[in-house]
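# the sequence and its predicted three-dimensional model are supplied below.
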Amino acid sequence: MNLDELLSTLESPILVRPTRRMTQGELESYLDKAADILRGNADHSEFRGYVFALLFYKRINDCFDEEVRTQAATLTGAGVPREQALVLARDPQNHHFIVPESAAWGKVARSVKGILGLALNNAMLAIERANAHRENNFDGILTGKIDFNRHDELPRDKLVNLINHFGSQTFDRAHVSDDLFGNAYEYLIRNFASRAGKSSGEFYTPAEVGFLMAEVLQPKAGMSICDWASGSGGLLLQCIRHVKKHGGDLRQLRLHGQESNGTTYNISRINMILHGIPVWEHKQGDSLRDPRHLTAEHRVKQFDRVIMNPPFSLEDWGYDTVAAGDKFGRLSFGMPPASNGDWAWLQQIVKSLKDADPDTGEGGQGMVVMSQGVLFRGQPEQTEAEDGQNQKADAEYLIRRGFIEADLIEAIVVLPSKLFYGNGVPGSLILLNKAKPAERRGKVLMIWASRHFQKGNPQNLLRPSDLMRILVPWRAFGDLEQARLLIDKQEAQLILEEETKRDARLTDIEDAFGPVLEPLPRLTAELATLDALDLKLQAVKDAITPEHPWFGPLAPLKAEVERIEGQIDAADRGDKATLKARLVMPKARFDGARKRLIAAIKARHKQVAKAVKEIGKLQEERDTREQEVRLAAEREITHLRETATDLRRICANADEARRYFAVVEREEIEENEFNLNLPRYVDTFEVERLLPLTEATTQLATAAAAAQAAQNALQSLLADIGTAAAIASEG
């Protein structure tokens, strides 16, 4: 390497913090800030449609720009002139979706504050029209129920802040992968649910509950699945994940949803598009008043699986619409009360489940989240001899009795309180089956799962270990011997799930940080070499040899100077002056090159040291995040193992198991007047822990000592206050 090449290398800048892909955690934190922009409003639900539409708009804009850049670069490399390449790269036939130039984010976002809302409306409409004839068209997805020019609904300052926030990050696939963005979108939905108050239950079911429901329903490729109250689509996505996890072909999954709220309906459509779901049939409308998934004969379609979390105890459910008779024949077990639609939903599910196949014996199954009231509300008929008055049976009692007599209820799970956003009461899961296996007929499995959960704010959480306490008795259908055999398998499966999630998060972090950290070992080695260099004048002169990696390029210049100096030393006095004159230029070149090289080395040392420090911080950040992921997974896995041990204890003793689950025969339910309240069948009483007398005495003495110490401290404080008051009054 000659001197010019070495100096060029030394003086080339080091990119200390190059652009890198966002991690899942960073993206979630970024979206948290988007929700924070709306802070201070009592109900976030009125804003969520705007936020989700803006985020989707920014995503498709950046992905389209990325595709155009990539295709244009390919064409340019093939010899196509740049301007022509850009035109060809924007050809709609080359893209899954397009963003017209007039609707480009960069152009719209620069609109002045006064017309920003109108510019956004026009851009959204232009995007919908440009994609109208595509398979996944955006019809109404960006414009339905959304008007960015409504200053009263979305104040201009908040809109400008949102635009600036989303504009600060690039959301193309190079920065955020499809899976990452889809997961983050779900995270944002959950974030809004946690802030949205009572309205949140309309559009979001906690992912842990959805996972549990999918595990119980076990959807498979080729099945049809429906959610009549689909909200943001989370439960259907859980079914998709279940099928994908077990190697099923998602293209053979027939998905159906219906949602009454227009904003939520569009959020669910965006959710499915971002997750890459190719086909699903989604309708907008009130499912109880106007079910939209119908046969050619105008009957309610029947499905292999129905999964739902409808609004709890809905008061205005459509009683007036069906009071004179339900044209869809859904209310065959009875008319629910006008003030509560729980049993209307349950009857709709039964009507939309496939009947038992005479050849395979299989039929439709449905799982639904319900308030516990459906288990016991309503009274049977009472005669005057029984209670001193004549009382007709309540509607909900009669419907529940009809369900039990028709043997439709296979399992009931009572969940902890505060799991569902906007509702603090404990919910229940009800599994309906139109074709129970022979060994389960006339029986209902009841699981009391309200004891174990992770406390949180604002909502409690179900951990993987809590799910295992439900899945083991469910898969064994209450059989203790079978449950004991299943514990190891269920433990291994859930541990594998945790390890898979851990490894995915670690890969996510490494993919984001790895390219940035790649030069660190090389720069660290270079810094060590630079640290070892002695840049003092004589030391540099002594080190200049052709072999030296840093000073070698100076060797020819030094040799030329030394050659002339040697001639001067050997010359006669008369020739010395001439030779010294010839030395001036070579010596100047040598001294100048040496000084420039030393300056370049010092500057390089400073730059490399800074780069090592900055990239080292990124490495520490990566290591910290990876350690957090490993520790979180380790905690969950440890808890799973502890829970498996506890389940072995529970399943080894019938009396202990009865505190958690029981298989109840129909005769016992009839004896309880068709009341399904679980404490009638499962021993939910919490046994008080008995303390040995010595331990109780010790605790009492400790408490008494603490109380006395607090009293003494209070008396001392009061005395000090009195003294201070006296001094103040004397002054």
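Good, I have the coordinates.

# so what's Arg82 up against?
Arg82 is in contact with Ala72, Thr76, counting by C-beta atoms under 8 Å, 6 or more residues apart in numbering. For glycine as for every other residue, the C-beta is placed from the backbone atoms N, C-alpha and C.

# pLDDT at it, what is it?
Arg82 carries a pLDDT value of 89.

# go on, Arg463?
Reported pLDDT for Arg463: 95.

# domain ranges for the protein?
Domain ranges of the chain: 3-10+514-651, 20-178, 196-451+660-686, per automatic domain parsing.

# what's the most buried one of those domains?
Highest mean neighbour count of the domains of the chain: domain 196-451+660-686, a mean of 19 (counted as mean count of other C-beta atoms under 10 Å).

# CA atoms only for stretch 554-574 - export them in PDB, please.
Output in PDB follows, covering the C-alpha atoms of stretch 554-574 (Å, rounded to 0.1, in the frame of the first residue of the first chain):
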ATOM      1  CA  LEU A 554       7.400   6.600   4.500                       C
ATOM      2  CA  ALA A 555      10.400   4.300   3.900                       C
ATOM      3  CA  PRO A 556      11.200   5.500   0.300                       C
ATOM      4  CA  LEU A 557      11.000   9.100   1.400                       C
ATOM      5  CA  LYS A 558      13.200   8.500   4.400                       C
ATOM      6  CA  ALA A 559      15.700   6.500   2.300                       C
ATOM      7  CA  GLU A 560      16.000   9.400  -0.200                       C
ATOM      8  CA  VAL A 561      16.700  11.800   2.600                       C
ATOM      9  CA  GLU A 562      19.300   9.500   4.200                       C
ATOM     10  CA  ARG A 563      20.900   8.900   0.800                       C
ATOM     11  CA  ILE A 564      21.500  12.600   0.300                       C
ATOM     12  CA  GLU A 565      22.500  13.100   3.900                       C
ATOM     13  CA  GLY A 566      25.100  10.400   3.400                       C
ATOM     14  CA  GLN A 567      26.400  12.100   0.300                       C
ATOM     15  CA  ILE A 568      26.700  15.400   2.300                       C
ATOM     16  CA  ASP A 569      28.700  13.600   5.000                       C
ATOM     17  CA  ALA A 570      31.100  12.200   2.400                       C
ATOM     18  CA  ALA A 571      31.400  15.300   0.200                       C
ATOM     19  CA  ASP A 572      34.100  17.900   0.200                       C
ATOM     20  CA  ARG A 573      33.400  21.200   1.800                       C
ATOM     21  CA  GLY A 574      32.800  22.900  -1.500                       C
END
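
# any residues touching that stretch, and which ones?
Applying C-beta under 8 Å, 6+ apart, the set of residues contacting stretch 554-574 is 3, 541, 544-546, 548, 576, 579-580, 582-583, 586-587, 589-590, 593-594, 597.

# now, which of the residues you listed lie within helices?
Using DSSP state H, the subset of those located in helices is 3, 541, 576, 579-580, 582-583, 586-587, 589-590, 593-594, 597.

# show the backbone phi and psi for Thr684.
phi -90, psi 0 (degrees, to the nearest 10).

# could you measure from it over to Leu462?
18 Å (C-beta to C-beta, to the nearest Å).

# now the residue most central in space within the chain, nearest residue through space, not along the chain?
Nearest to the geometric centre of the chain sits Tyr187, at 3.5 Å (C-alpha atoms, centre = their mean). Leaving aside its sequence neighbours, Tyr187 sits nearest to Glu28 (C-beta to C-beta, 6 or more residues apart in numbering; 4.9 Å).

# then that neighbour would be within a helix, right?
Yes - counting by DSSP: H, G, I helix; E, B strand; the rest coil, Glu28 is part of a helix.

# returning to that earlier point: CSV for the domains of the chain, including distance to Arg475?
CSV is the format used below for the domains of the chain (distance: least, C-beta to C-beta, whole Å):
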stretch, distance to Arg475
domain 3-10+514-651, 12
domain 20-178, 31
domain 196-451+660-686, 9
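
# of the ones you listed, which is nearest Ala710?
Nearest of the domains of the chain to Ala710, taken as C-beta to C-beta: domain 196-451+660-686 at 30.6 Å.

# mean confidence score for the closest one?
pLDDT averaged over domain 196-451+660-686 gives 90.

# so how far is it off the chain centroid?
Distance of domain 196-451+660-686 from its chain centroid, counting by C-alpha atoms, centre = their mean, to the nearest Å, is 25 Å.

# just the C-alphas of stretch 413-427, formatted as PDB.
The C-alpha coordinates for stretch 413-427 follow below in PDB (Å, rounded to 0.1, in the frame of the first residue of the first chain):
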ATOM      1  CA  VAL A 413     -63.900 -23.200  32.700                       C
ATOM      2  CA  VAL A 414     -64.200 -20.400  35.300                       C
ATOM      3  CA  LEU A 415     -61.400 -17.900  34.800                       C
ATOM      4  CA  PRO A 416     -59.700 -15.400  37.100                       C
ATOM      5  CA  SER A 417     -61.200 -11.900  37.400                       C
ATOM      6  CA  LYS A 418     -59.800  -8.900  35.600                       C
ATOM      7  CA  LEU A 419     -58.600 -10.800  32.500                       C
ATOM      8  CA  PHE A 420     -60.800  -9.000  30.100                       C
ATOM      9  CA  TYR A 421     -60.200  -5.300  29.300                       C
ATOM     10  CA  GLY A 422     -63.000  -3.100  30.500                       C
ATOM     11  CA  ASN A 423     -64.600  -5.800  32.600                       C
ATOM     12  CA  GLY A 424     -63.300  -6.800  36.100                       C
ATOM     13  CA  VAL A 425     -65.700  -9.700  36.700                       C
ATOM     14  CA  PRO A 426     -64.400 -13.300  36.200                       C
ATOM     15  CA  GLY A 427     -65.500 -14.700  32.900                       C
END
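
# contacting residues around it?
By C-beta under 8 Å, 6+ apart, stretch 413-427 touches 193-194, 196-202, 204-206, 209, 309, 312, 369-372, 428-429, 431, 446-453, 456, 458-462, 470, 474, 678.
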